[in-house]
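Colleague: this is a predicted model, with the sequence first.
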Amino acid sequence: MTILIILLLIFLGIVLLLLEFAVIPGITIAGIGGMVLFGYSIYLAFDTYGVAAGIGTLLFIIILVPILMFRILKGRLGDKMSLKSTIIGKTNLIEDTRFHAGDKGVTVTRLGPIGKVEFDGQVMEGKSIGPMLDAGTEVEIVKVLKNQIIVKPIKKEEL
């Protein structure tokens, strides 16, 4: 009867660890509970059946349980739980031919240092290389990146 309890504790420990890895990742009650069940099953094997059974249970848990967990998570069950989709979209791509260094625009939101900037009626994400800029500040493009425009404020004497 005790051997069934030991096997049940090991099985429940595996189930709790699977829950830990697949459903609620992080160090939670499930992972700690699984480790406690493994520890108690080892203790029970040593206490009831002696040193040989205890070492056998310990080796089973140390060697075979990780292999079993790996096989389960890499098998059909793991495939059903894993995300297979690929993100192919891109955000705010800037056409290289539309904006150039030296173009002038106005900040729509505060740039501290990142915010929205309007050029030729199109609002884009901009980044200030200088100080934080308030909304409505006139700016000039310094550099155009794939998804961001680097700007600097236009000084009053340049106008």
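Modeller: Received it, and whenever you're ready, just let me know what you need.
Colleague: quick one: the helices in this protein?
Modeller: With DSSP state H as the criterion, the chain has helices at 2-22, 29-49, 51-59, 65-74, 76-81.
Colleague: just give me the neighbour total for residue 115.
Modeller: 19 (other CB atoms under 10 Å). C-beta: built from backbone N, CA, C; applies to glycine.
Colleague: tabulate the helices of the chain (a markdown table), appending mean neighbour count and distance to residue 136.
Modeller: What follows is these, written out as a markdown table (neighbours: other CB atoms under 10 Å; distance: least, CB to CB, whole Å):
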| stretch | mean neighbour count | distance to residue 136 |
| --- | --- | --- |
| helix 2-22 | 16 | 51 |
| helix 29-49 | 17 | 53 |
| helix 51-59 | 15 | 71 |
| helix 65-74 | 13 | 55 |
| helix 76-81 | 11 | 51 |
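Colleague: starting at the chain centroid, how far to the helix or strand of the chain with the lowest mean pLDDT?
Modeller: In the chain, no helix or strand scores lower on mean pLDDT, DSSP states H and E than helix 76-81, which sits at a mean of 74. On the basis of CA atoms, centre = their mean, to the nearest Å, helix 76-81 sits 19 Å off its chain's mean C-alpha point.
Colleague: against residue 11, how distant is the residue positioned nearest the centre of the chain?
Modeller: The centre of the chain sits closest to residue 25, judged by CA atoms, centre = their mean, with a distance of 11.4 Å. For residue 25, the distance to residue 11 equals 21 Å [CB to CB, to the nearest Å].
Colleague: repeat for residue 130
Modeller: For residue 130, the distance to residue 11 - CB to CB - is 64 Å.
Colleague: ditto for residue 119
Modeller: For residue 119 relative to residue 11 (CB to CB), the value is 64 Å.
Colleague: report the contact partners of the nearest residue to residue 105 once chain neighbours are set aside.
Modeller: Of all residues not flanking residue 105 in the chain, residue 119 sits nearest, at 3.8 Å (CB to CB, 6 or more residues apart in numbering). Counting by CB atoms under 8 Å, 6 or more residues apart in numbering, residue 119 touches 99, 103-105, 141, 149.
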